[in-house]
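Trainee: I'll drop the sequence and a predicted model, then ask my questions.
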Amino acid sequence: MKVAIRDLSGADQGHLEVDFPVIENGKGTQAVHDVVTAYMAAQRSGTACTKTRGEVAGSGRKPWRQKGTGRARVGSIRSPVWRGGGVVFGPRPRDFRKKIAKSTRQLALRKALSERLTGADICLVEELRLEAPKTRDLVRIFGDMGLDGWILLVCDQIDPTLALAARNLPQVDLVTGLEINTYQILRYDRLVFTRDGFEQLQQRLRKSANEVPTS
């Protein structure tokens, strides 16, 4: 499989051969589902917390005597039945992270990238540099290349000038080839790789190709 290389004006600059094993058909679909589910679960803070009857403020004194008042018996004002009392089976702080095998994560990454390559959603440029950290210059480049929607820029290293220009665009994000994950590959409408950034990702995939099952 080949990926077209374009310059910042949108003109063709040749092709780059993809040299990692591309996954076709339905192989790896379950791995992608598991990894994305685990990623989204890990984003949850898990800080929701309610107080039990042993934690709410209040005296331990019995409000009134057990018998003879005509009222229902009660032992504490911190009872869950009372207003201001404790909560029964309420949420407690917890960790939502799920454990995913390394081989499953690597398989999911290859599967997700293979799908985006097949769908022609990946754009490859020789390099992506700006003279000054100006957002309008980056927007102009996107317009010249015919890119719109949510865009993920993938470089071999974060350029401070490019990062400053992209941070004002809420629909644009910037990562390196070593950092990109399965969720990001699927989340964005278009993926814009620099040649070095794509090669960096390919090295990750080539390294894991012999370790990851193909089904």
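Mentor: Noted; the coordinates are in hand. In this text, all values refer to a predicted model and were calculated from it rather than measured experimentally.
Trainee: need the contact list for the spatially most central residue of the chain.
Mentor: With distances taken as C-alpha atoms, centre = their mean, residue 183 lies nearest the centre of the chain, 4.7 Å away. Shown in contact with residue 183 (C-beta atoms under 8 Å, 6 or more residues apart in numbering): 35, 36, 39, 40. The C-beta positions use only the backbone N, C-alpha and C, and glycine is treated the same way.
Trainee: packing partners for the helix or strand harbouring the last one?
Mentor: Secondary-structure assignment from DSSP states H and E places residue 40 in helix 29-42. Secondary structure elements in contact with helix 29-42, counted by 3 or more C-beta pairs under 8 Å, 6 or more residues apart in numbering; DSSP states H and E, are helix 102-118, helix 182-187.
Trainee: how about that helix as PDB, C-alpha atoms only?
Mentor: Coordinates of each C-alpha in helix 29-42 appear next as PDB, following Å, rounded to 0.1, in the frame of the first residue of the first chain:
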ATOM      1  CA  THR A  29     -11.900  -5.400  15.400                       C
ATOM      2  CA  GLN A  30     -12.500  -6.700  18.900                       C
ATOM      3  CA  ALA A  31      -9.000  -5.500  20.000                       C
ATOM      4  CA  VAL A  32      -9.900  -2.000  18.800                       C
ATOM      5  CA  HIS A  33     -13.200  -2.100  20.800                       C
ATOM      6  CA  ASP A  34     -11.400  -3.300  24.000                       C
ATOM      7  CA  VAL A  35      -8.700  -0.700  23.800                       C
ATOM      8  CA  VAL A  36     -11.000   2.300  23.100                       C
ATOM      9  CA  THR A  37     -13.300   1.200  25.800                       C
ATOM     10  CA  ALA A  38     -10.400   1.000  28.300                       C
ATOM     11  CA  TYR A  39      -9.100   4.400  27.100                       C
ATOM     12  CA  MET A  40     -12.400   6.100  27.700                       C
ATOM     13  CA  ALA A  41     -12.900   4.400  31.100                       C
ATOM     14  CA  ALA A  42      -9.400   5.600  32.100                       C
END
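Trainee: residue 16 is in contact with residue 1, correct?
Mentor: No. Counting by C-beta atoms under 8 Å, residue 1 sits too far from residue 16 to count as a contact (9.9 Å).
Trainee: those two: who's more crowded?
Mentor: residue 16 (18 against 13; other C-beta atoms under 10 Å).
Trainee: where does the closest residue to that one other than its chain neighbours land on pLDDT?
Mentor: Using C-beta to C-beta, 6 or more residues apart in numbering and skipping residues adjacent in sequence, the residue nearest residue 16 is residue 3, 5.0 Å away. pLDDT recorded at residue 3 is 84.
Trainee: surely residue 3 touches residue 116?
Mentor: No. In this structure, residue 3 is not within contact of residue 116 by C-beta under 8 Å, at 10.4 Å.
Trainee: can you list residues touching both of the two?
Mentor: residue 122.
Trainee: pairing partners for the one helix or strand in the chain whose mean pLDDT sits lowest, with directions?
Mentor: Counting by mean pLDDT, DSSP states H and E, the chain has its least confident helix or strand at strand 12-17, which shows a mean of 81. Strand pairing for strand 12-17, determined by DSSP bridges: strand 2-6 (antiparallel).
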